[in-house]
Every structure is written in C-alpha cells, then in structure tokens.
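Asks: Sequence first, predicted model second:
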Amino acid sequence: MEILDGKKVSNDIKDEIAVEVQKMKERGEKVPHLAAVLVGNDGASLTYVGSKVRACERIGFESTLVKMPDTTSEIELLAKIKELNEDDNIDGFIVQLPLPPQIDEQKILLAVHPDKDVDGFHPMNFGRMALEMPAFISATPFGILELLERYNVETKGKHTVVIGRSHIVGRPISILMGRKGSPGNSTVTLTHSHTQNIEQIIAQADIVISALGVPNFLKAEMVKENAVVIDVGITRVSDESNPKGYRIVGDVDFENVSKKASFITPVPGGVGPMTIAMLLKNTLLARERHQN
Ligand code: GUN
C-alpha cells in the first residue's frame with residue numbers, strides 16, 4: 001500500500017510555482033494576483049480562505065481578501081464581482097461558497113468572467129472541461145488528477161466509481177476520469193443518494209473516489225483488494241482533546257481500508273492540501289494567459 005501524500009505533493013507544486021514567480025520577477029513582469037471574496041462569517045470558509053491567502057504569500061503571489069458582511073445583498077456582491085472582472089491588476093478571483101441564503105449562487109457563478117474564474121465554476125469552464133478544451137478545472141478534481149499522475153496510478157481501462165454528485169467534486173471528477181488522455185480513459189460510474197445496490201457497484205471499483213461527507217462511510221469489506229481509494233470527505237467532528245475543539249475526518253475508515261488498498265489518500269493531508277495548490281496553479285495559468 002502506498003499513501004498518496006497530498007501534503008508533500010502540494011508542497012512540491014507550490015515550490016515549482018514559486019520558481020516560476022521568481023522568473024517572472026527577474027523578467028520584470030507582474031506577478032500573479034489572486035483575490036478571494038468571503039461573504040459572512042462561516043468558520044470553515046474563514047479557515048479555507050485564510051489558507052488560500054497565506055499560500056499566495058508563501059509563493060510570492062499578490063493576494064487580496066475581500067470580506068463582506070453576511071447581510072450583503074445579491075446586488076452588492078454582483079457589483080463587487082463586476083469590479084474584480086474589470087480590474088486589470090487581478091488575474092483571477094474566487095467567491096468562497098457557501099453564500100448566505102439571500103444570494104443566488106448560480107447568478108453569482110455566472111457573473112464571474114470565465115477568464116478570471118480560477119475556481120472553474122462558471123458553466124463556460126465546466127463545459128470546456130467536459131468537451132476536452134482548455135479550461136480552468138476546479139481545484140479539488142484537478143488536485144485528484146495531479147495526485148494520480150504524480151504517483152503514476154494507472155487509470156486507463158479501470159472502473160472508477162465516484163460517490164457523490166456535487167457540482168464542485170463528484171460531477172466534475174466523474175467527467176474528468178472518463179476523458180481521453182492520462183489520467184483518464186477510465187470507465188466511470190457516478191453514484192449518489194438514489195443509487196440502487198451501491199455496495200455491489202463499489203465492490204467492482206478499481207478506483208473509488210468518495211466525495212460524500214459522511215465519516216467512516218467506506219469500510220474495508222466494501223472495497224476490492226488492491227483498490228485505489230481517494231477520500232475527498234472533510235467533516236468536522238468535535239474533539240475535546242484537540243486545541244481547536246474539533247478534528248477533520250474523511251469518508252473512509254482509513255485504518256482498515258488502507259490494509260486492502262493499493263493506494264490511498266489520508267485525511268487530513270490527502271486531497272485537501274492539493275486543492276489550494278491547484279488553485280494557485282490556475283492563478284498562474286490565468287496570469288500567463290492574460291500576458292499573451
Ligand atoms: N467551498 C468549498 N470548496 C470550495 C472551493 O473550492 N472554492 C470555493 N470558492 N468555495 C468552496
């Protein structure tokens with residue numbers, strides 16, 4: 001069994017990007033600039049956005065954090081997005097999800113200019129991704145592909161079972177794994193809450209990608225011997241022994257599933273850190289595209 005070490009790989013990617021930024025500086029070019037919009041005070045969102053901004057600083061990007069109160073109206077947020085779309089100094093930006101209930105998420109995602117949509121959430125980027133055209137690929141699925149590639153995990157002809165059909169992870173990774181090329185060329189089954197006989201389907205998987213958000217959902221007896229197991233779950237459970245008062249757990253019973261798997265991602269330290277690295281990679285791509 002080999003651990004797919006997202007922490008290590010994400011650090012490698014950040015180091016690689018930092019080298020590119022250094023070269024840009026030496027050529028007298030503007031460095032990439034990422035902006036993040038955070039509406040409200042959701043604890044997890046604050047943590048994620050904080051990590052994104054710190055990662056920018058570490059690799060030499062410019063970053064801007066736009067904090068808006070949880071009473072922000074849809075019109076106010078749309079105005080901010082227009083401003084960021086038109087600001088030549090910003091190469092890419094993200095609007096952290098979830099948004100407060102008075103704001104229509106679809107309207108917001110449609111308002112982000114596709115050339116600055118480093119989250120890859122705009123239908124233009126999602127469509128281009130599905131059609132195998134150049135696109136910003138959402139950071140979490142992009143991170144999964146990158147992990148599979150860097151560990152030379154064979155995906156061609158394999159049966160990949162994705163659990164969960166979220167717009168951010170399950171659905172895009174189900175498309176990406178079936179695309180032409182490498183990693184890809186996989187035969188994909190996308191399962192969800194209405195799937196019948198889900199255990200029989202998972203038992204046939206060469207590669208299982210669980211993006212469900214249910215701690216300990218995937219047990220050792222459910223997976224095939226030597227399966228590749230990717231755990232995208234990040235659920236906070238209260239833990240008094242932890243200084244933060246909680247710890248992060250995945251969808252997979254790691255202790256037992258790891259004894260059967262050929263490759264497995266830990267939580268934390270698997271897919272999570274890859275997400276930030278790939279967001280930075282998308283921002284670097286955005287900068288390079290704006291330059292040309
Ligand atoms: N909320 C959970 N994951 C993400 C992400 O990758 N991007 C944004 N903008 N919001 C999120």
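Replies: That came through, no problem.
Asks: if I pick the residue lying closest to Pro215 once chain neighbours are set aside, what's in contact with it?
Replies: Nearest residue to Pro215 in three dimensions, chain neighbours excluded: Val249, at 4.5 Å (CB to CB, 6 or more residues apart in numbering). Where C-beta positions appear, they are placed from N, C-alpha and C, glycine not excepted. By CB atoms under 8 Å, 6 or more residues apart in numbering, the contact set of Val249 is 215-216, 233, 235, 237, 267.
Asks: Can you pull out the low-pLDDT segments for the chain?
Replies: 292 (pLDDT under 70).
Asks: Tell me the residues of it that contact the ligand?
Replies: Residues of the chain lying close to the ligand by CB under 6 Å from any ligand atom are 94-97, 119, 139-140, 168, 275.
Asks: Can I get the buried part of those as one ChimeraX selection?
Replies: Buried residues within those, by 16 or more other CB atoms under 10 Å, are selected in ChimeraX with:
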select :94,95,96,97,119,139,140,168,275
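Asks: which of the contacts of Val249 count as buried?
Replies: 215, 233, 235, 267.
Asks: related to what we said a few turns ago, could you dump the residues of the chain next to the ligand into JSON lines with secondary structure added?
Replies: Shown next, in JSON lines, are the residues of the chain next to the ligand (DSSP: H, G, I helix; E, B strand; the rest coil):
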{"residue": "Ile94", "secondary structure": "strand"}
{"residue": "Val95", "secondary structure": "strand"}
{"residue": "Gln96", "secondary structure": "coil"}
{"residue": "Leu97", "secondary structure": "coil"}
{"residue": "Asp119", "secondary structure": "coil"}
{"residue": "Ala139", "secondary structure": "helix"}
{"residue": "Thr140", "secondary structure": "helix"}
{"residue": "Ile168", "secondary structure": "coil"}
{"residue": "Thr275", "secondary structure": "helix"}
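Asks: Pretty sure His122 sits against Lys116.
Replies: No. At 9.2 Å, His122 does not count as touching Lys116 under the criterion of CB atoms under 8 Å.
Asks: Give me the more crowded residue out of those two.
Replies: Between His122 and Lys116, counting by other CB atoms under 10 Å, Lys116 is the more crowded of the two (25 against 20).
Asks: who's in contact with that one?
Replies: Contacts of Lys116 (CB under 8 Å, 6+ apart): 84-85, 90-93, 286.
Asks: secondary structure class for the closest residue to Gly181 other than its chain neighbours?
Replies: Take Gly181 and drop its neighbours on the chain: the residue closest to it by CB to CB, 6+ apart is Glu132, 7.7 Å away. What three-state DSSP gives for Glu132 is coil.
Asks: Next up, the contacts around Glu132.
Replies: 179-181.
Asks: what do you get for Gln102?
Replies: Gln102 sits next to 73-74 when contact means CB under 8 Å, 6+ apart.
Asks: Which of the three states applies to it?
Replies: coil.
Asks: give the contact list for the residue of the stretch 1-150 of the chain found nearest the ligand.
Replies: Nearest to the ligand in the stretch 1-150 of the chain, going by CB to the nearest ligand atom, is Leu97, at a distance of 3.8 Å. Applying CB under 8 Å, 6+ apart to Leu97 gives the contacts 45, 105, 168.
Asks: What are the structural domain limits within this structure?
Replies: Following automatic domain parsing, one finds the domains of the chain at 27-113, 139-273.
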